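# Got a predicted structure here, sequence first:
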Amino acid sequence: MKTYINRFAFIYILISILLLLVSCELDDTVSNTIANKSPTYAPTPSNTIKSPEPTIDTTPTITPTITPTVQEKPSLIISEIVSSNSLYPIDGKQCDWFEIKNISSETINLKNYYASNKPGISSRYQLPDIQLDSNEYYVVCCGVDVLFNLSKDGEKLYLTNHNGNIIDFVDFPKLDKNTSWTYDKGIVSYPSPYYENTPEGNTQSITSRVGVVISEVVASNTKFSPYKRKYYDIIELYNNSDESIDLSEYFISDKNSDLKKYKLPQKILKPSEYYIVYCDNEATGLAPFGISSSGDNLFISDSNGYIHDAISTPYIPVDRAWGRFENRLIYFSEPTIGQANPDGYETLTQNPTVNIAPGFYNDTQNIYLSGEGSIYYTTDGSTPTTASCVYDGTPLQITTNTSIRAVCYNGNKIPSDIVTFNYFINAPTYDLPVIKISMSEEDLFGIDGLYTNYTKLYERQGNITFFLNGNQEFSINCGVKLFGNTSKKYPKKSFQIEFRPEYGTSRLEYKLFENLDIASFSNIVLRSGSQNTSSADSMFADEFLTSLMAQSGNSPNITVQAYRPCNLYLNGQYWGIYFIREKVDTDFLSMHYNISESSITMVYWPNYTTTGSSDQWDKIWNIIYKKPLDFSIDSNFKILEDQINLESFADLMIARLYGGDIDNDNIRAFKSAEYDDGKWNFILFDLDLSFTSKSRIENRLYNTLHNTNNSKPYVLFKALLQNDTFKALFLSRLSHHLKTTFLPDNTNKFINHIVSQMEKDMPLSINRWKTENVEGMRYIQDMERWYQNISRLRSYTNEDRIKWFVLDAAKALSLTKEDISKYMGEEFAFYLD
């Protein structure tokens with residue numbers, strides 16, 4: 001009997017435990033069928049509530065096996081989720097976050113609720129002890145309020161009560177940075193923490209911040225100069241609090257990963273007072289970053305990393321401003337630096353559009369313009385103004401190559417950008433890309449035009465458009481000026497294209513050159529062939545020799561410009577084949593070597609002008625010219641060795657000697673404390689006068705060392721060759737290039753490549769210029785003559801050129817056969833037999 005009772009008691013206890021387990025499981029797991037809900041409650045904003053420390057629930061773990069349902073009438077919902085956040089600080093922190101809304105009619109204490117990104121109660125976190133009123137929001141900062149982060153790829157998020165019942169559940173998708181999932185609209189691009197999920201709520205979440213805030217931004221400034229007629233980007237700060245603030249405790253930055261980029265100065269900013277921050281990538285003492293006119297991110301933080309303000313600026317036109325006005329973010333027609341912002345415009349006047357895409361067509365095109373307000377346009381390349389033709393709605397009949405340039409004016413709103421639409425009618429089918437410069441004919445050829453005043457440094461406003469395979473790749477307003485020195489007087493002139501804020505943008509963002517990992521340019525050059533365009537020339541001597549020296553690994557210490565051939569149009573006129581080139585300046589060096597422009601000192605020969613300090617360069621020339629030293633003495637030689645990258649200089653001289661270039665002084669050199677220990681490096685530049693005749697090539701080294709040429713590069717070369725160390729380096733580099741770079745198979749490969757690029761379009765270019773003269777000589781007359789010129793170029797780069805160079809070096813430097821074998825290799829010694 002006792003055994004029977006014990007068994008009965010055991011069974012009773014076992015059944016009780018099983019019932020308890022089932023009951024807990026019913027409370028613990030979630031229904032996956034409810035992921036998206038659309039409550040009809042109208043949310044209202046609330047003030048930000050600071051979060052207490054997170055608390056993890058310590059209820060014992062129970063493995064769920066049964067799925068319960070979400071309660072039918074939830075009092076709280078997950079109203080918004082941002083899983084990748086850099087622009088919407090929550091209590092000063094850059095955290096992933098989700099927003100909870102009280103949709104009941106009662107006040108609710110959040111401490112009775114829990115959040116988790118996993119099912120079950122073992123990994124859930126208690127929410128803060130916060131009283132949340134009806135229709136009020138609370139934002140949970142992940143990693144702070146709760147000790148988990150949200151997955152950028154999407155995951156499940158649970159809201160439960162104390163008993164483990166599911167209050168709300170969301171299975172949110174993958175979200176891009178600074179986008180949010182919302183309970184009523186799905187994915188949106190305007191997160192609105194603590195506010196309604198609308199664009200207006202997004203704006204309120206930004207404008208409601210209190211303290212030091214960003215009041216106004218000018219991204220392309222050409223009017224406000226703090227000193228010396230220098231123009232910088234502008235950030236206006238404003239104290240919208242009731243207390244004075246010490247700015248020296250704050251930082252401003254354009255990177256959330258580097259919040260302390262610029263420490264604000266010692267200044268007490270009183271309530272309702274403004275402070276101006278000037279920004280420039282290079283200028284000393286200013287905020288060390290620029291503001292992109294196409295949009296940028298800006299942050300104000302303190303020494304503890306607390307973010308007080310963060311904004312993402314939109315596109316801001318030149319000399320316009322964008323910022324706060326009351327509880328809105330709007331555009332201002334004129335910047336109001338240091339003053340209260342006036343009312344403005346929430347949007348810009350939209351750019352005019354056309355019914356037919358710009359491009360190449362075989363017959364007449366009827367072009368309709370569309371846009372806000374009044375549309376003003378030109379068809380002669382000039383810049384449209386309110387004095388130009390007003391579009392009346394009838395089609396513009398385009399029968400020949402035409403640039404339509406148009407702008408919209410809509411009452412007092414900020415006018416649209418000036419846009420350019422290029423149409424080519426019955427144009428040839430080009431193999432090369434096409435560039436079209438659109439600008440006023442008067443600015444090109446008039447009494448004050450570029451062509452008429454080629455000796456002046458005039459720059460005129462225009463537009464450059466780039467077509468590839470007949471399709472428009474970019475169209476950008478720019479400045480246009482002539483490029484070059486002697487070649488400016490030739491009929492076929494070279495052009496320099498400048499991208500500046502006053503024209504609409506400070507950089508061209510496009511990958512112009514296939515073999516160059518740079519896709520951002522402050523300017524470019526359109527080279528005509530310069531002094532290599534006569535009837536005896538190939539037109540591409542410079543492009544050939546610079547690209548040859550730039551061949552991967554051959555000359556790692558020498559800098560060259562990339563090139564790309566194209567066809568050029570000036571307004572409706574075909575202007576022949578040109579070469580797109582990088583412009584050699586501090587921006588060019590900054591982009592190539594990832595160094596700051598302000599760190600660069602650059603010397604421009606022959607005029608001996610510099611950017612940066614020239615003190616070190618002056619010292620070099622003092623010990624060569626004014627008080628020449630004996631550089632065969634190693635201690636004297638070391639003075640130069642410590643300041644000059646000798647391999648860079650040796651490669652420069654080898655290239656110029658190889659081509660027989662006679663433009664001795666036209667050389668560029670640079671140094672930067674951020675590159676190569678601050679040594680001078682050299683840029684291979686302007687080699688148009690290379691390969692002009694056998695007599696200039698055959699004994700080039702000997703003639704260089706034994707004449708009275710006092711050009712600085714050659715004086716430096718002679719001084720260095722006094723020393724055996726440099727002589728050995730020079731001969732070693734020469735041997736390297738003769739074995740690799742200058743091998744006929746290699747040089748022919750480069751020549752063939754350029755010829756193949758130009759060959760199909762070259763007859764059109766020849767036809768454009770064959771009746772013109774170059775200093776009394778004609779341009780290339782026909783394809784037969786061009787091929788003859790190329791054959792002559794090949795003859796200057798064949799096996800004989802290697803022999804000439806070895807014999808030239810032996811003669812110039814008094815080298816024996818044994819010396820050649822020692823310094824250059826036995827394979828070159830036999831030339832002395």
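Received it, and whenever you're ready, just let me know what you need.
# Give me the sheet partners of the longest strand along the chain and which way each runs.
Counting by DSSP state E, the longest strand found in the chain is strand 471-483. Strand pairing for strand 471-483, determined by DSSP bridges: strand 460-468 (antiparallel), strand 494-498 (antiparallel).
# In a markdown table: those strands, plus distance to L444 and mean pLDDT.
The way it works is simple: take the backbone N, C-alpha and C, and place the C-beta from them, glycine included. Formatted as a markdown table, these follow (distance: least, Cβ to Cβ, whole Å; pLDDT from 0 to 100):
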| stretch | distance to L444 | mean pLDDT |
| --- | --- | --- |
| strand 460-468 | 8 | 98 |
| strand 494-498 | 10 | 98 |
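# Could you export those strands as CSV, including distance to T203 and mean neighbour count?
What follows is the strands paired with strand 471-483, written out as CSV (distance: least, Cβ to Cβ, whole Å; neighbours: other Cβ atoms under 10 Å):
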stretch, distance to T203, mean neighbour count
strand 460-468, 35, 21
strand 494-498, 36, 20
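# What residues are bridge-paired with the residue nearest the centre of the chain?
The residue lying closest to the centre of the chain (Cα atoms, centre = their mean) is S520, at 4.6 Å. Counting by DSSP bridges, S520 is bridged to E509.
# Spit out the contact partners of it.
Contact partners of S520, counting by Cβ atoms under 8 Å, 6 or more residues apart in numbering, are 507-509, 591.
# Looking at those residues, which one is closest to N366?
L508 (31.5 Å; Cβ to Cβ).
# all helices of the stretch 451-600 of the chain, in order?
Along the stretch 451-600 of the chain, counting by DSSP state H, counting those that start in this stretch, helices occupy 541-549, 586-593.
# With the stretch 701-833 of the chain instead?
712-720, 724-739, 744-758, 762-769, 783-795, 799-813, 817-823, 826-829.
# neighbouring contacts of the fifth one?
Think helix 783-795. Contact with helix 783-795 is made by 535-539, 541, 544, 691, 747-748, 751, 755, 762-763, 766, 780, as judged by Cβ under 8 Å, 6+ apart.
# tell me which residues of that helix are tucked away?
Neighbour counts over helix 783-795 (16 or more other Cβ atoms under 10 Å) mark 785-786, 789-790, 792-794 as buried.
# and those as a markdown table, adding distance to K488 and pLDDT?
Conversion of the buried residues of helix 783-795 to a markdown table gives the following (distance: Cβ to Cβ, whole Å; pLDDT from 0 to 100):
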| residue | distance to K488 | pLDDT |
| --- | --- | --- |
| R785 | 25 | 96 |
| W786 | 24 | 97 |
| N789 | 23 | 96 |
| I790 | 26 | 97 |
| R792 | 27 | 95 |
| L793 | 25 | 96 |
| R794 | 31 | 96 |
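# M539 contacts N532, doesn't it?
Yes - using Cβ atoms under 8 Å, M539 is in contact with N532, at 5.7 Å.
# what about stretch 654-669, how long is it end to end?
16 Å (Cα to Cα, to the nearest Å).
# any idea of the mean pLDDT in it?
Averaged over stretch 654-669, pLDDT sits at 87.
# can you check stretch 720-734 too?
On average, stretch 720-734 scores 97.
# okay, now the domains of the chain?
In terms of domains, the chain is parsed into 1-204, 209-332, 353-580, 591-752+797-832 (source: automatic domain parsing).
# Between the two ends of the second one, how far is it?
Across its full length, domain 209-332 reaches 21 Å end to end, with Cα to Cα as the criterion.
# Over to stretch 81-88?
12 Å.
# Tell me the secondary structure at D686.
coil (DSSP: H, G, I helix; E, B strand; the rest coil).
# isn't T465 right up against N422?
Yes - at 5.1 Å, T465 counts as touching N422 under the criterion of Cβ under 8 Å.
# what sits in contact with each of those two?
Common neighbours of T465 and N422 (Cβ under 8 Å, 6+ apart) are 358, 436, 438, 472, 475.
# Looking at these, which is nearest D254?
The closest of these to D254 turns out to be S475 (Cβ to Cβ; 27.4 Å).
# for that closest one, which residues make a bridge with it?
T465.
# Show the contacting residues for it.
358, 419-420, 422, 463-466.
# in what helix or strand does G449 lie?
For G449, there is no helix or strand it lies in under DSSP states H and E.
# Now it. Nearest residue, chain neighbours left out?
D443 (5.4 Å; Cβ to Cβ, 6 or more residues apart in numbering).
# among the contacts of S475, which two are most distant?
Pairwise over the contacts of S475, using Cβ to Cβ, the maximum falls at V419 and F466, 15.0 Å.
# for the longest strand of the chain, which positions count as buried?
Quick answer for strand 471-483 (16+ other Cβ under 10 Å): 472, 475-483.
# Centre of the chain to that strand, how far?
Put simply, strand 471-483 sits 17 Å off its chain's centre (Cα atoms, centre = their mean, to the nearest Å).
# all strands of the stretch 51-200 of the chain, in order?
With strands called from DSSP state E, counting those that start in this stretch, the stretch 51-200 of the chain shows them at 55-56, 76-82, 97-102, 108-109, 113-116, 125-126, 131-132, 137-141, 155-161, 166-172, 180-182, 186-188.
# Now do stretch 773-785: distance from first to last residue.
16 Å.
# cool, stretch 287-306 as well?
Termini of stretch 287-306 sit 19 Å apart (Cα to Cα).
# residues of it that come out buried?
287-293, 296-302.
# on that earlier part again, am I right that the residue nearest to G449 falls within a helix?
Yes - according to three-state DSSP, D443 belongs to a helix.
# got the contact list for it?
By Cβ under 8 Å, 6+ apart, the neighbours of D443 are 382, 449-450, 460-462, 480.
# same thing with I780?
533-535, 537, 539, 766, 769-770, 786, 789.
# Output stretch 148-159 as PDB, nothing but the C-alphas.
Extracted in PDB, the C-alpha atoms of stretch 148-159 (Å, rounded to 0.1, in the frame of the first residue of the first chain):
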ATOM      1  CA  PHE A 148      22.700  44.100 -28.100                       C
ATOM      2  CA  ASN A 149      23.200  45.700 -31.500                       C
ATOM      3  CA  LEU A 150      20.900  45.400 -34.600                       C
ATOM      4  CA  SER A 151      22.100  43.500 -37.600                       C
ATOM      5  CA  LYS A 152      22.500  45.600 -40.800                       C
ATOM      6  CA  ASP A 153      21.200  42.700 -42.800                       C
ATOM      7  CA  GLY A 154      17.900  42.600 -40.900                       C
ATOM      8  CA  GLU A 155      16.700  40.400 -38.100                       C
ATOM      9  CA  LYS A 156      13.800  39.800 -35.600                       C
ATOM     10  CA  LEU A 157      13.100  42.300 -32.800                       C
ATOM     11  CA  TYR A 158      10.800  41.400 -29.900                       C
ATOM     12  CA  LEU A 159       9.000  43.400 -27.300                       C
END
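# hmm, back to that, among the buried residues of strand 471-483, which pair sits farthest apart?
Greatest spatial distance among those (Cβ to Cβ): Q472 and L482, at 25.6 Å.
# Output the longest strand of the chain as PDB, nothing but the C-alphas.
In PDB, the C-alpha atoms belonging to strand 471-483 read as follows (Å, rounded to 0.1, in the frame of the first residue of the first chain):
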ATOM      1  CA  ASN A 471      26.400  58.500 -75.100                       C
ATOM      2  CA  GLN A 472      26.800  61.500 -72.800                       C
ATOM      3  CA  GLU A 473      28.900  60.600 -69.800                       C
ATOM      4  CA  PHE A 474      29.000  64.000 -68.100                       C
ATOM      5  CA  SER A 475      28.200  67.700 -68.700                       C
ATOM      6  CA  ILE A 476      29.700  70.200 -66.400                       C
ATOM      7  CA  ASN A 477      30.000  74.000 -66.300                       C
ATOM      8  CA  CYS A 478      33.600  75.100 -66.100                       C
ATOM      9  CA  GLY A 479      36.200  77.800 -66.800                       C
ATOM     10  CA  VAL A 480      38.100  77.600 -70.100                       C
ATOM     11  CA  LYS A 481      41.500  79.100 -70.800                       C
ATOM     12  CA  LEU A 482      44.400  78.500 -73.100                       C
ATOM     13  CA  PHE A 483      47.200  76.200 -72.100                       C
END
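# Please consider this matter closed, and thank you.
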